[in-house]
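> Fold the following for me, if possible:
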Amino acid sequence: MNTSIEEQTSATGMLDISIQGRPRVTVAAIIERQGLFLMVEERNAAGELVINQPAGHVEMNESLVEAVIRETLEETAWHFIPEFLVGVYLWKHPRADTSFLRVCFAGRAADHDPARALDDGIEQAVWLSHAALLERSARLRSPLVLDTISDYLSGERYPLSVLKPPTGSAA
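Down below sits the predicted model:
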């Protein structure tokens, strides 16, 4: 089935290319402060409370860095300053015909806006240790949460300069 880009773009401006069996492009943030990681408790499609990193889909005409800054603010009310790339991960959901290409960044949290409303589905932002995440592994949204944090803790770091601006945008 061939569908146009316009037909695949939802009302939110996100491109859903999974229709053609291709992965959805997402970004995630790793923010560590004094041994604790900034996480979100959110409702998945089944309504279950799960733990995830601040993460979400890349919108049309948005760079990967812009997307992770926006998603982190929308989901946690923290302003995120990306400092490096941790990795790029491909994951296929085991119970759905959907896959995700996750681009994971690490950096620091700057200002917090506690009065800011969080995205729909986000219950709260929480700071959790690596040990607490391991204890709660059954509640993680996907295995990518621990995979990316493990890579971060093992020292995986790539400069943001490896990411180029979207084609057609000004440099």
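
> CA only for contacts and neighbour counts going forward, please
OK.

> What values do phi and psi take at residue 160?
Backbone geometry at residue 160, expressed as degrees, to the nearest 10, gives phi -60, psi -20.

> Would you mind confirming that it makes contact with residue 87?
No: Residue 160 is not in contact with residue 87 according to Cα atoms under 8 Å; the separation is 10.8 Å.

> between these two, which one's more packed in?
Neighbours per residue (other Cα atoms under 10 Å) separate residue 160 from residue 87, with residue 87 holding more: 17 against 14.

> thought the more buried one was touching residue 104?
Yes: with contact defined as Cα under 8 Å, residue 87 reaches residue 104; the gap is 5.5 Å.

> Name the residues contacting each of these two.
residue 148 (Cα atoms under 8 Å, 6 or more residues apart in numbering).

> ok so, going back, got any residues that touch both of residue 160 and residue 87?
By Cα under 8 Å, 6+ apart, residue 160 and residue 87 have no common neighbours.

> In which helix or strand does residue 89 reside?
strand 78-92 (DSSP states H and E).

> No further questions, thank you.
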